[in-house]
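Asks: 3D model of this:
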Amino acid sequence: MITNINIQREDGQVTGITAYVSGQMFPGLTLNGSIPLEAGEFGNSLDLTKLEAAVKQKIINRLVSGDSPTEEQSV
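Replies: Below you'll find the predicted structure:
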């Protein structure tokens, strides 16, 4: 599902990540886009399992809440 990760740093610290995703969630629903995450949303390390869980949760939250992304974000 995660196809690319861009890491944002400031003064040597990871301040955020943009995870690019692509894939079929289930038959009939294909998802492509980017999910921005702040440092606290994916844990203290760049653990891929935690990152994937955070991305999935953010996608679910957006789908359930009906929030539409801004021009700077995509889902």
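
Asks: and stretch 49-56, which residues are buried?
Replies: The neighbour-count check on stretch 49-56 (16 or more other CB atoms under 10 Å) flags Leu51, Ala54, Val55 as buried. To be clear about C-beta, it is placed using only N, CA and C from the backbone, and glycine gets the same treatment.

Asks: Relative to Gly23, which of the residues you listed is nearest.
Replies: For those, the residue nearest Gly23 by CB to CB is Val55; the value is 11.1 Å.

Asks: check contacts around Leu37.
Replies: Neighbour list for Leu37: Gly16, Ile17, Thr18, Ala19, Leu51, Ala54, Val55, Lys58 [criterion: CB atoms under 8 Å, 6 or more residues apart in numbering].

Asks: So what does the closest residue in space to the second one that isn't next to it in sequence look like in phi/psi?
Replies: It stands for Ile17. Excluding the flanking residues, the one nearest Ile17 by CB to CB, 6 or more residues apart in numbering is Leu37, at 4.9 Å. In terms of degrees, to the nearest 10, the main-chain angles of Leu37 are phi -130, psi 140.

Asks: Longest strand of this protein, counting residues only.
Replies: As assigned by DSSP state E, the longest strand anywhere in the chain is strand 13-26.

Asks: Can you list the strands that it pairs with?
Replies: As defined by DSSP bridges, the strand partners of strand 13-26 come to strand 2-10 (antiparallel), strand 29-38 (antiparallel).

Asks: Can I get the strand or helix carrying Ile59 in CSV, CA atoms only?
Replies: Assigned by DSSP states H and E, Ile59 falls within helix 48-65. This file holds the C-alpha atoms of helix 48-65, laid out as CSV (Å, rounded to 0.1, in the frame of the first residue of the first chain):
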residue,chain,number,x,y,z
LEU,A,48,7.3,0.6,8.9
THR,A,49,4.7,-1.5,10.7
LYS,A,50,3.7,1.5,12.9
LEU,A,51,3.8,3.9,9.9
GLU,A,52,1.5,1.6,7.9
ALA,A,53,-0.9,1.4,10.8
ALA,A,54,-0.9,5.2,11.2
VAL,A,55,-1.5,5.7,7.5
LYS,A,56,-4.4,3.2,7.5
GLN,A,57,-6.0,4.8,10.5
LYS,A,58,-5.7,8.3,9.0
ILE,A,59,-7.4,7.0,5.8
ILE,A,60,-10.2,5.3,7.8
ASN,A,61,-10.7,8.5,9.9
ARG,A,62,-11.1,10.6,6.7
LEU,A,63,-13.5,8.1,5.1
VAL,A,64,-15.7,7.8,8.2
SER,A,65,-15.7,11.6,9.0
